[in-house]
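>>> Below are the sequence and a predicted model for it; my questions follow.
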Amino acid sequence: MSSTKFILGHFDDPDDMMHGIEKLQKNSIPIYDVYTPMPIHGIEAKLGIKDSRLGYAAFCFGCLGASVIFSIVYYTLVHDWPMNIGGKPNFPMPVFVPFTFEWTILWTAFGMVFTFFAATHLFPGRAPRVMDLRATDDRFIIAVDAKGNIPHDDITNLLKEAGAVEIKHNERKYVSYE
Amino acid sequence: MASHSESIIREPLITGKNITYAQITNEVLLPVENKPNKAWWIGFTVASLGAMLWVVSISLTFWYGLGEWGLNKTVGWAWDITGFVWWVGIGHAGTLISAVLLLFRQNWRNSINRSAEAMTIFAVVCAATYIVAHMGRPWLAYFTLPLPNQYVLWVNWNSALMMDVFAISTYFSVSLVFWYTGLLPDIASIRDRAVPGLRRRIYSILSFGWTGSVKTWQRFETVSLILAGISTPLVLSVHTIVSFDFATSLEPGWHTTIFPPYFVAGAIFSGFAMVQTLLLVTRKVLGLENYITMFHIESMNKIITLTGSIVGVAYITEFFIAWYSGVEYEQYAFINRATGPYWWAYWSMMSCNVISPQLFWFKKLRTSIPFSWALSIVVNIGMWFERFVIIVTSLHRDYIPSSWVMFYPSWVDVGVFVGSIGLFFTMFLLFIRFLPSVAMAEVKLLLKTSSEQAKKKLIDGGHLDPEHVKDYTDALKKYDSVDLADYETIK
């Protein structure tokens, strides 16, 4: 039994990497994750990753922000202390527009970004779980969980055939724990 | 597939031969991973001296009050609000580049959005200091918030100034979030390249544990797109609301419905000029000529010409409407602007904002770096005068001739303004020293499709319409970072 935990296929070209994913999938080798220095378009479909639902979160936070500020302005301006300013109406709708608009945006932005951070486990000080340090620089990395019955050499060969420039057999899952 | 080849008739966004992903990281992180050079130190020294002047002037204002400024009972708003509107306007280009150009899929934004957004944030910081300073009693700034208090009174929601509080604070915080989220992958690059130690520790905390996995990138892209979608109306609303500060008053020269669109156009105009001022120097000093190319410079100059023309039309419309309205006070306000004691300010504004950007119709001029830089400074000066003309010349002579006065700034007024420029540059220089000034991940996206080398490969491969190839090679002539000798053999 080898002590290899993860096999990492390093590619220096995103198209080669996509080719590598196809090859692995054709051979029914499950892919643990893919790490890239830039977003790769079309990779989600290939890996069967569902669409992000952050848009729904953003919409809900936007509605919430709009309701909150509308309620505050309504309570203070119309309900709690209606003031007679030159005989103008106490419930002036145009005045509500800028405030409601700004807070819709504010809450959408913050609500969505914090949902993103929470869902992706991003927060200041989190120990980065990096499998290879070059994944944020110039390497496109396919990580394959080495557990399972597939011989490691087969995985290595498949990755090589697809154009991997380097293949690593890592005994530790993450290299970056401090 | 991940990449398609882009049409040959589009000009390249990354120039240079044999650029690799690693090279992009190396070149962008050069100033971050090394000790700063002499140019940086000189700039930083000058800028921080300016920032010190700002500290002194603002401290005097806080200590002795607004009497330190040249305000009088007729002109109660002058350099402070001029500076405020000027800075907020400058901020607009950053959001325009990062949000509006993203929605329009203008890929050339990728290499300039980071520094433009940083510029936005620093400009809004400068603007916010004016708001707080001009309150006179800044420790009571919380009076602008709807907090329960012993007077059982709420804030005046009918006031445009209240709307401004909400607009500016939202704009600042949303821009900050947009900018920082975009920075995460690039901070992670710095972290993963750093040697273990304090430096890596700090960048590790700042990177929020970014790894670049598929799901992270997918969510990141969703977040970027939605943030762009909401920032676009936000940026338009901010200067609209700033213009309400004036437009909702009954002051001749201010009380006009043209203000919102005219302010927004002016904001984008001055913002792009400031981006140009900063980036033309940055690209040279940091050696980023391959990423911020002549195409970027020319595109920005075109936007400056467009928005400058909109501003020019607005100036003329204002004049026409003043005459057409038949309101004497309105008419006098405009005659006074052009021919009164502040005529020099008005004509500086006119020549800097309306006439000078029209020179960019000449291709030779808009592709000349020294000329673009000089003109960006001219536009910034012109836009400062625009706000000065609107604010001071309207106020100094309005309804009652017995109250007519002139406004003379005190040295503290000048100190706050010059100092805020120092503060701005100090923050910008610290930014390019400690954070990547180009969004590396986004530039890497363009390498396989929109770079010069990718297009050269297409040409070498043949199968292209020779006319298109000729158009393309002709377009390359304006670039200062392209070696034209490579294209001589292609006919």
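Arrived safely. Numbers count the residues shown, from 1 in each chain, chains lettered A, B, ... in the order given.
>>> Spit out the contact partners of the residue of chain B found nearest chain A.
Chain A sits closest to B:Gly209 of chain B, with a gap of 3.1 Å, by CB to the nearest CB. To be clear about C-beta, it is placed using only N, CA and C from the backbone, and glycine gets the same treatment. Contacts of B:Gly209 were listed using CB atoms under 8 Å, 6 or more residues apart in numbering or on different chains, and they are A:His121, A:Leu122, A:Phe123, A:Gly125, A:Arg126, A:Ala127, A:Pro128, A:Arg129.
>>> Let me know the secondary structure of it.
Under DSSP: H, G, I helix; E, B strand; the rest coil, B:Gly209 falls in the coil class.
>>> excluding its backbone neighbours, what's nearest it?
Excluding its sequence neighbours, the residue lying closest to B:Gly209 (CB to CB, 6 or more residues apart in numbering or on different chains) is A:Arg126, at 3.1 Å.
>>> Which of the helices or strands spans that neighbour?
For A:Arg126, there is no helix or strand it lies in under DSSP states H and E.
>>> Next, count neighbours for it.
Neighbour count of A:Arg126, defined by other CB atoms under 10 Å in any protein chain shown: 16.
>>> and it, how far is that from B:Ile459?
Distance check for A:Arg126 against B:Ile459: by CB to CB, to the nearest Å, it reads 46 Å.
>>> One more: A:His121?
46 Å.
>>> the more surrounded of those two?
B:Ile459 (18 against 12).
>>> packing partners for the helix or strand hosting the more buried one?
Using DSSP H and E, B:Ile459 falls within helix B:452-460. If you count contacts as 3 or more CB pairs under 8 Å, 6 or more residues apart in numbering or on different chains; DSSP states H and E, helix B:452-460 packs onto helix B:466-476.
>>> go with 6 Å
The contact analysis (3 or more CB pairs under 6 Å, 6 or more residues apart in numbering or on different chains; DSSP states H and E) places helix B:452-460 against no helix or strand.
>>> angle of that helix against helix B:466-476?
Using axes from the mean of the first three to the mean of the last three CA atoms, to 10 degrees, the inter-axis angle of helix B:452-460 relative to helix B:466-476 is 150 degrees.
>>> what residues does helix B:452-460 touch?
Residues from elsewhere that reach helix B:452-460 (CB atoms under 6 Å, 6 or more residues apart in numbering or on different chains): B:Ser5, B:Ile8, B:Pro12, B:Thr15, B:Lys17, B:Lys448, B:Val469.
>>> And the pLDDT for the residue of chain B closest to chain A?
Note for B:Gly209: predicted pLDDT of 88.
>>> quick one: whichever strand or helix holds A:Glu161 near chain B?
For A:Glu161, the host element (DSSP H and E) is helix A:152-162. No - Helix A:152-162 stays clear of chain B (CB under 6 Å from any CB of the partner chain), getting no nearer than 13.5 Å.
>>> Pull out the buried residues from that helix.
Residues A:Ile155, A:Thr156, A:Leu158, A:Leu159, A:Ala162 are the ones in helix A:152-162 that count as buried (16 or more other CB atoms under 10 Å in any protein chain shown).
>>> Could you do stretch B:18-38 as well?
Buried, per 16+ other CB under 10 Å, within stretch B:18-38: B:Ile19, B:Tyr21, B:Ile24, B:Thr25, B:Glu27, B:Val28, B:Leu29, B:Pro31, B:Val32.
>>> Distance of the third one relative to B:Asn110?
Just to be clear, that refers to B:Ile24. From B:Ile24 to B:Asn110 the distance is 11 Å (CB to CB).
>>> Which neighbours do the two have in common?
Joint contacts of B:Ile24 and B:Asn110 (CB under 6 Å, 6+ apart) are B:Val443.
>>> Can I get the buried residues of helix A:152-162 in TSV including pLDDT?
Compiled in TSV, the buried residues of helix A:152-162 are given as follows (pLDDT from 0 to 100):
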residue	pLDDT
A:Ile155	84
A:Thr156	86
A:Leu158	85
A:Leu159	87
A:Ala162	84
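>>> hang on, the earlier thing: what is the helix holding A:Glu161 packed up against?
Packed next to helix A:152-162, using 3+ CB pairs under 6 Å, 6+ apart, are helix A:14-26.
>>> where does chain A dip in pLDDT?
A:1, A:149, A:176-178 (pLDDT under 70).
>>> Could you chop it up by domain?
Per automatic domain parsing, the structural domains of chain A span A:6-51+A:130-170, A:54-119.
>>> if I pick residue 100, what's in contact with it?
Using chain A here. With CB under 6 Å, 6+ apart, A:Thr100 has these contacts: A:Ala66, A:Ile69, A:Phe70.
>>> You answered for a different chain; I wanted chain B.
B:Val100 touches B:Thr232, counting by CB under 6 Å, 6+ apart.
>>> now swap in B:Leu280 and tell me
B:Ile369, B:Trp373.
>>> can we see that at 7 Å?
Neighbouring residues of B:Leu280 by CB atoms under 7 Å, 6 or more residues apart in numbering or on different chains: B:Ile369, B:Ser372, B:Trp373.
>>> By proximity to chain B, which residue of chain A wins?
As assessed by CB to the nearest CB, chain B sits closest to A:Arg126 within chain A, at 3.1 Å.
>>> That residue and B:Phe208 touch, don't they?
Yes - A:Arg126 is in contact with B:Phe208 according to CB atoms under 7 Å; the separation is 6.0 Å.
>>> show me where the stretch 351-491 of chain B has helices.
Assigned helices in the stretch 351-491 of chain B, in chain order: B:363-366, B:369-388, B:394-396, B:411-434, B:440-450, B:452-460, B:466-476 (criterion: DSSP state H, counting those that start in this stretch).
>>> Now do the buried residues in the fourth one.
The neighbour-count check on helix B:411-434 (16+ other CB under 10 Å) flags B:412-413, B:415-417, B:419-429, B:431-432 as buried.
>>> and the angle from that helix to helix B:369-388?
Using the same axes, to 10 degrees: helix B:411-434 against helix B:369-388 is 140 degrees.
>>> Quick check: closest non-adjacent residue to A:Ile85.
Using CB to CB, 6+ apart, the closest residue to A:Ile85 is B:Asn158 (6.3 Å).
>>> wait, B:Ile190
Sequence neighbours aside, B:Tyr203 is the residue nearest to B:Ile190 in space, at 4.9 Å (criterion: CB to CB, 6+ apart).
>>> Show me what counts as buried in the one helix or strand the one you found maps to.
Taking DSSP H and E as the definition, B:Tyr203 sits inside helix B:198-206. Applying a neighbour-count criterion of 16+ other CB under 10 Å, one finds B:Arg200, B:Tyr203, B:Ser204, B:Ile205, B:Leu206 buried in helix B:198-206.
>>> residues contacting residue 114?
Looking at chain A here, since you left the chain open. Contacts of A:Phe114 by CB under 7 Å, 6+ apart: none found.
>>> my bad, the chain I had in mind was chain B
B:Gly182, B:Pro436, B:Ser437, B:Val438, B:Ala439.
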